[in-house]
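J.: pasting the structure only:
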């Protein structure tokens, strides 16, 4: 009987078959050398692990201890590696590459670089960048380090660049349809409000922040000045893949600090009751609910809310 995970499993297995074929990992020997992929990985890890031990190799490569033992014996016989007994524990031996081993690894690295270069050389620059982003995403998710790496990769900028508005509109349209069921009229609303903003954009009273990761806009927030004392917070959005890492708080802090620096006395915003996470953030920042009313404009009935913050 098929489970709900069957299509998911089939997709991963199909991908596994595809990439092992593309990378040539099904060949008996790596890159037409005398080494299997496992042997090449052992050489690499010995070279890049301080005081490398057999136990570390077994754990890091998920390799059978007997198979590893045969590999190490072969390397020592060929003069590629040597071992040194630990002074603290006589049962422990550290593994190192000889000069010949280092030379052999350099040749394997060169063959690997050449192989990869030939594989991607005919791809356009945009395709190469997309390939790298996809590989990094797979590594992040499966390594359990996704949140840390995502946070490190995010860059905030205030500079408006060609294409920013279009990408922000697309992000709003896609996300609000996916999560809230909004229709095309909402996307048109975002288009119009951004158009009006861009026509009168003035860095002395207005500011927009874009959060970028690997060249893609993954979040935004803006402050629109309406008078010397009144400002509006707008277009606050976070891509689902970049939530729960503090990005929303980081953007909101930047926006409110800008309002204080410009001596605004009050900031207001419009949202809906359904945006519970955002509403919680607004309340923690000191915003107070001042008005609530029904809105049927975007394909469903919503409770629109107005919040204000006195600075």
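T.: Happy to help now that I have it. What you are looking at is a predicted structure, and each value in this text was computed from that prediction instead of being measured. Residues are numbered from 1 along each chain as shown.
J.: can we go C-alpha only for contacts and neighbour counts from here?
T.: Noted.
J.: what's across from the closest residue to residue 72 other than its chain neighbours in the sheet?
T.: Nearest non-adjacent residue to residue 72, counting by Cα to Cα, 6 or more residues apart in numbering: residue 81, 7.6 Å away. Note on residue 81: beta-bridge partners by DSSP bridges are residue 97.
J.: Residue 278 versus residue 272, what's the distance?
T.: 9 Å (Cα to Cα, to the nearest Å).
J.: swap in residue 209?
T.: Applying Cα to Cα, the value for residue 209 to residue 278 is 17 Å.
J.: Among those two, which residue is more densely surrounded?
T.: Shown here are residue 209 and residue 278; by other Cα atoms under 10 Å, residue 209 has more neighbours (21 against 18).
J.: isn't that one right up against residue 164?
T.: No - in this structure residue 209 lies outside contact range of residue 164 using Cα atoms under 8 Å: 10.6 Å.
J.: my guess is residue 271 is in a helix, correct?
T.: No - assigned with DSSP: H, G, I helix; E, B strand; the rest coil, residue 271 falls outside any helix and is strand.
J.: How about it: what's its closest non-neighbour residue?
T.: Using Cα to Cα, 6+ apart, the closest residue to residue 271 is residue 305 (5.3 Å).
J.: What residues are bridge-paired with that neighbour?
T.: Counting by DSSP bridges, the residues bridging with residue 305 are residue 271, residue 292.
J.: quick one, strands of the chain?
T.: 81-85, 93-97, 154-157, 207-213, 216-225, 230-238, 266-272, 288-295, 302-310 (DSSP state E).
J.: Which strands or helices does the fourth one pack on?
T.: Put plainly, it is strand 207-213. Where contact means 3 or more Cα pairs under 8 Å, 6 or more residues apart in numbering; DSSP states H and E, strand 207-213 is packed against helix 146-153, strand 154-157, strand 216-225, helix 247-261.
J.: In its sheet, which strands sit next to that strand, and in what direction?
T.: strand 154-157 (antiparallel), strand 216-225 (antiparallel).
J.: Can you list the neighbours in contact with it?
T.: Residues outside strand 207-213 that contact it (Cα atoms under 8 Å, 6 or more residues apart in numbering) are 150, 153-160, 217-224, 251, 255, 258.
J.: This completes my enquiry, with thanks.
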